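Enquirer: Just the structure for this:
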Amino acid sequence: MSQTSHVNIVSLLGFCYEGSKRAIIYEFLENGSLDQFMSRNKSSTQDVTTLYGIALGIARGLEYLHYGCKTRIVHFDIKPQNILLDENLCPKVSDFGLAKLCEKRESIVSLMDTRGTIGYIAPEVVSRMYGRISHKSDVYSYGMLVLEMIGARNKEIVEPTTSNASSSYFPDWIYKDFENGEQTWIFGDEITDEENEIGKKIVLVFLWCIQPCPSDRPPMNRVVEMLEGSLDALEVPPKPSMNISTGLIPESSTLSDGGEKDE
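Expert: Residues are numbered from 1 along each chain as shown. Down below sits the predicted model:
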């Protein structure tokens, strides 16, 4: 990580090693984690351009890890707690404790070597029926992070029950609201046409990112292009059917090596 350098990746400044004590020193980010930022602002509707800037910055950081480094870095634990914000709300990807290195031409990573936080990990980490694990797992986690950023996730997953297990894992109700133009629950009803277009773009991008099949998800360089490009160039992704109830597992849980739940 000492050789990585990107505005959206937290900077490693040094480390301390004294006896049994070890510490890694990173730059200080004034606004703390994205998780803290969302908690502080959960009572108010988020500014569309602010959310867009944060989402785009995170996407650029992941694009750098996947394509800008000599060896591809797959983070495997993208979530709000691992995104830090500076004084200007510029996001920086942090906490590479679960990250894995893999050759760009060999993007498939062994299941035995993967971990992640329940609620953000891709379906293929839970079950091979969805495909093989690769850098596309970060794409899925990014989509779930954006989903939570705009408040959509909390709308349905407040008190998960067996009756809404499917919608908890993949919020298919978003498709209906999006097709009907009902987005005020995300961005409020007093937004400009430009902000409305940005909002629709954000929704479409995260819907593409959380496709169950890895091959249906765009790579992170394409995600950046989608966010920076025109709304007219984006299509609504197919609505998949989800049959696993991952949403019922507490999000604080993680998967350890071998795919076992680790509290």
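
Enquirer: the strands in the stretch 1-150 of the chain, which residues?
Expert: Counting by DSSP state E, counting those that start in this stretch, one finds strands in the stretch 1-150 of the chain at the ranges 12-18, 21-26, 72-74, 83-85, 91-93, 100-102, 116-117.

Enquirer: Of those strands, which is nearest V48?
Expert: Nearest of the strands of the stretch 1-150 of the chain to V48, taken as C-beta to C-beta: strand 91-93 at 15.9 Å. Quick note: C-beta positions are derived from backbone N, CA and C, even for glycine.

Enquirer: nearest to E148, of the strands of the stretch 1-150 of the chain?
Expert: That would be, of those and by C-beta to C-beta, strand 83-85, which comes in at 10.9 Å.

Enquirer: where does the stretch 1-150 of the chain dip in pLDDT?
Expert: 1-2, 42-46, 104-115 (pLDDT under 70).

Enquirer: Okay, helices next: where are they in it?
Expert: Residue ranges of the helices in the stretch 1-150 of the chain, as given by DSSP state H, counting those that start in this stretch, are 34-40, 48-63, 123-126, 136-149.

Enquirer: out of those helices, deepest packed?
Expert: Using mean count of other C-beta atoms under 10 Å, the stretch among those with the greatest mean number of neighbours is helix 136-149 (a mean of 25).

Enquirer: chain center to that helix: distance?
Expert: 3 Å (C-alpha atoms, centre = their mean, to the nearest Å).

Enquirer: Show me what that helix is packed against.
Expert: Applying 3 or more C-beta pairs under 8 Å, 6 or more residues apart in numbering; DSSP states H and E, one finds that helix 136-149 makes contact with helix 34-40, helix 48-63, helix 123-126, helix 152-156, helix 193-209, helix 220-228.

Enquirer: now it and helix 220-228, what's the angle there?
Expert: If you take axes from the mean of the first three to the mean of the last three C-alpha atoms, to 10 degrees, helix 136-149 sits at 30 degrees to helix 220-228.
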